[in-house]
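> Predicted model and sequence below, questions to follow.
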Amino acid sequence: MKSTFFLGIMLLLTGGLGAQTAAKITMSDYMGINTNVAAYDNKYVADLSKCVKWIREYHNWAQYEPVNNYYKWDNITKEPGGNTWPEHNLFMDECRKYGINVLIDVLDKPAWVGTSNFPNNTGTGANAADYIERLEFMGQLVARYGSKKIEASKLETGDKATGLNYIKYYEDDNEPDYWWKKPLWTPADYAKYCNAVHDGFGVQTDAEHPLLGIKSVDPNAKHVLAGMASADTIYVDGILKASGGRVPFDVLNVHWYCTDMTDAYSPENEKHGYEIAYRNFFKWKNRVLPDMPVWMTEFGWDTYIAPDNKHSYTYCPVLQQANYILRSYMVLLKLGFEKSFLFMDCDTDSKYVLQYATSGLLTDKNTKNTKKMSYYYLATMQNLLGKTDYTKAISYKEVVGKNEVYCFEFNNPVTSEKVYALWTRTTGSNIDSGTKMAYKLNTGFKVKNAYSVIPADKDMDGDTIVPIISENTIELTLSETPQFVVVSENTTGSINHPSEKFELNVYPNPANQEVQISMLVPEKQKVNLSAYTSDGKLLKTMVNGLTDQGIHNYKFGSGQLPGAYLLSANSNSGKIVRKVILTE
């Protein structure tokens, strides 16, 4: 199946498919993940920084303040409990070291506050003052990690640290619109809390509560609305109506899992994907709060299936998880989200079928936080797109036979290179099926240099393929795994040096009749590239001798019978063997 698309035509066809955000979005400032201090304890903050530069620090209030006015995040406060908890501060230090920005979210409440589902310490939750202890805690949190230094007499922490300037964004709770437990936290009651935590509205400070709320302590801070579990606007609309004309937050915030509560689906799915869920949400937002940013702070898929085939309602195989995560970031970008956070960094239990227990990029602590395929895929995406700015979705659900094609354009402001992210799926499919198709990308300008990177397991650089280029057209083979095509109009810049190591990449593999071979030679040297049968019989030698630095392209398979073959590349830089499967 082949297709050629033309830039101008596709812009006309896709212009009305979704909300195009006007904000400039740099991809490293867009992609995030949920985590907590366990990332510091288990020493994988550096690993996370290869994938994202934003985290949502997802933490229980009880771990900060187990008893009223005893804050455990310093080296001084030892009572009650006889121990300190300095790791949180060290975690923030580690995030800063690796250039990771933090959205901090505080959820639930300690036992000393009460037993209701929402964070009131007195009353029914219908008045702002009912939440006074939570408001005080948020004030102390902002005083510590915000940009403004607060006088020591107002600080309740033992070390009196203030104005550390680590955190700008504060989320006030998590999923207040829950429907799966009683009593419900009504929009009107949450609005009382939301207004008060925003800037102290409706409450008064006193000697016992000298700091209340977020922006009243640090005017530079940003208040992120607690993530909404539902995609409709009923609850948020109720908050605004109960706020008497005030807008008591700076960022709208939602969660979405592509599921029917029995099985999981792809991010583009026509019934359970993001677009069908949030089309009306963005229409409402653009009418009611047109300048308000919207963040997706939870999405994801589990990867564990039990021996008896039981699984969570967000389950998919590991390859699909890796594909869905990359595609989610881009589909959400197209819809208008300004930040998106995967849930979660690490499995809580890699052998448990409960929803979200195995949605991590890493396995659990018991299995040594091993990197999943999705980790390598996301690291590759960060390598290629992190420094780029999102330009537009050139092709979105472009119908080509039984498939549809997605093509997103990004611009690197430093190198002036363009990067295209492309993939295909079968229209109307619930999950990935392994579909592939030939495709011709028309860039609209004469291409001087181009290479394509396809994410691969156990490799943060992916597989580099050099496609066939003809004037302004690049020939590609698309699959459900997004590939990233780096294109230049000139012969300078990083595009000539996609890697500094000896590489041998084969694509597609398996192939019907013939594979393309791309061999990268980091420096001029003697190289042998040969093909063998699976039992070691030499079939063909493609090169044997002194080979110049650069990328060299070959083909193999024409005239061969279906079966397994071996490609072997030997040089002073190393030896690489690739297994090739020809299917017909």
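Okay, I see it. Bear in mind that the values here come from a model prediction, so they are computed numbers and not experimental data.
> Domain parsing of the protein, as residue ranges.
Annotated domains of the chain cover 27-42+53-255, 502-584 [automatic domain parsing].
> Point out the most buried one among the ones you listed.
domain 27-42+53-255 (a mean of 19; mean count of other C-beta atoms under 10 Å). (Glycine included, C-beta is placed from N, CA and C.)
> Show the average pLDDT along that domain.
The predicted model assigns domain 27-42+53-255 a mean pLDDT of 95.
> Stretch 291-305 too?
98.
> Please render the domains of the chain as a markdown table that adds distance to T464 to the earlier fields.
Converted to a markdown table, the domains of the chain look like this (distance: least, C-beta to C-beta, whole Å):
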| stretch | distance to T464 |
| --- | --- |
| domain 27-42+53-255 | 20 |
| domain 502-584 | 5 |
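> out of the ones you listed, which comes closest to V331?
Distance to V331, taken as C-beta to C-beta, is lowest for domain 27-42+53-255 among these, at 12.7 Å.
> Check the offset of the closest one from the chain's centre.
23 Å (C-alpha atoms, centre = their mean, to the nearest Å).
> Same question for stretch 355-372.
The chain centre lies 16 Å from the centre of stretch 355-372; the measure is C-alpha atoms, centre = their mean.
> So for it, mean pLDDT?
Stretch 355-372 comes out at a mean pLDDT of 97.
> Toward the C-terminus from the longest strand that the chain contains, list the very next helix or strand.
The longest strand of the chain (DSSP state E) is strand 389-400. Per DSSP states H and E, strand 389-400 leads on to strand 403-411 as the next helix or strand towards the C-terminus.
> Quick one: list the elements packing against the following helix or strand past that next one.
Where DSSP H and E defines the elements, the next helix or strand beyond strand 403-411 is strand 418-426. Helices and strands touching strand 418-426, by 3 or more C-beta pairs under 8 Å, 6 or more residues apart in numbering; DSSP states H and E, are helix 318-335, helix 373-385, strand 389-400, strand 403-411, strand 437-442, strand 473-478, strand 483-488.
> Please identify the pairing partners of strand 418-426 and their relative orientation?
Applying DSSP bridges, strand 418-426 is found paired with strand 403-411 (antiparallel), strand 483-488 (antiparallel).
> what residues does the last one touch?
It refers to strand 483-488. With C-beta atoms under 8 Å, 6 or more residues apart in numbering as the test, strand 483-488 has contacts from 380-381, 384-385, 415-423, 441, 443, 447-455, 462, 465, 467, 474, 476, 495, 498.
> what about the domains of the chain, which gets the closest to T391?
Here domain 27-42+53-255 is closest among those (C-beta to C-beta), at 11.0 Å.
> Quick one: end-to-end distance for that closest one.
20 Å (C-alpha to C-alpha, to the nearest Å).
> quick one: the helices in this structure?
For the chain, helices defined by DSSP state H occupy the ranges 7-14, 38-41, 45-49, 61-64, 87-97, 132-145, 187-199, 234-242, 274-288, 318-335, 373-385.
> ok, residues contacting the last one?
Translated: helix 373-385. By C-beta under 8 Å, 6+ apart, helix 373-385 touches 27-28, 31, 47, 50-53, 318-319, 321-323, 325-326, 329, 342, 361-362, 410, 419, 421, 453, 455-462, 481-482, 484, 486.
> can you list the strands paired with strand 418-426 in TSV and add mean neighbour count?
Shown next, in TSV, are these (neighbours: other C-beta atoms under 10 Å):
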stretch	mean neighbour count
strand 403-411	21
strand 483-488	22
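> thinking again about what came up before, CSV for the helices of the chain, including distance to V506?
Below are the helices of the chain laid out as CSV (distance: least, C-beta to C-beta, whole Å):
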stretch, distance to V506
helix 7-14, 30
helix 38-41, 36
helix 45-49, 28
helix 61-64, 49
helix 87-97, 38
helix 132-145, 49
helix 187-199, 55
helix 234-242, 50
helix 274-288, 33
helix 318-335, 18
helix 373-385, 17
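> Distance of T259 relative to A62?
Per C-beta to C-beta, to the nearest Å, T259 is found 29 Å from A62.
> how about CSV for the strands paired with strand 418-426, with mean pLDDT and distance to N69 added?
Below are the strands paired with strand 418-426 laid out as CSV (pLDDT from 0 to 100; distance: least, C-beta to C-beta, whole Å):
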stretch, mean pLDDT, distance to N69
strand 403-411, 97, 49
strand 483-488, 93, 51
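> With distance to P210 added, can I get those strands in CSV?
Formatted as CSV, the strands paired with strand 418-426 follow (distance: least, C-beta to C-beta, whole Å):
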stretch, distance to P210
strand 403-411, 47
strand 483-488, 51
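> Tell me which of those strands lies nearest to F337.
strand 403-411 (13.7 Å).
> Now do the same for the closest residue to T541 other than its chain neighbours: its pLDDT.
Of all residues not flanking T541 in the chain, S530 sits nearest, at 4.5 Å (C-beta to C-beta, 6 or more residues apart in numbering). We have a pLDDT of 96 for S530.
> dump the residue contacts of S530.
L538, L539, K540, T541, M542, N544, L567, S568.
> Using a markdown table, please lay out these together with pLDDT.
Output for the contacts of S530, formatted as a markdown table (pLDDT from 0 to 100):
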| residue | pLDDT |
| --- | --- |
| L538 | 95 |
| L539 | 94 |
| K540 | 94 |
| T541 | 95 |
| M542 | 95 |
| N544 | 95 |
| L567 | 94 |
| S568 | 94 |
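> Among those residues, name the ones in strands.
Reading strands off the contacts of S530 with DSSP E, I get L538, L539, K540, T541, M542, N544, L567, S568.
> Nearest to K109 among the residues you listed?
Closest to K109, out of all of the ones in strands among the contacts of S530 and judged by C-beta to C-beta, is L567, at 59.7 Å.
> in terms of contact, does the closest one touch K555 like I think?
No: using C-beta atoms under 8 Å, L567 is not in contact with K555, being 11.3 Å away.
> Give me the common contacts of these two.
Overlap of the contact sets of L567 and K555 (by C-beta under 8 Å, 6+ apart) consists of I517.
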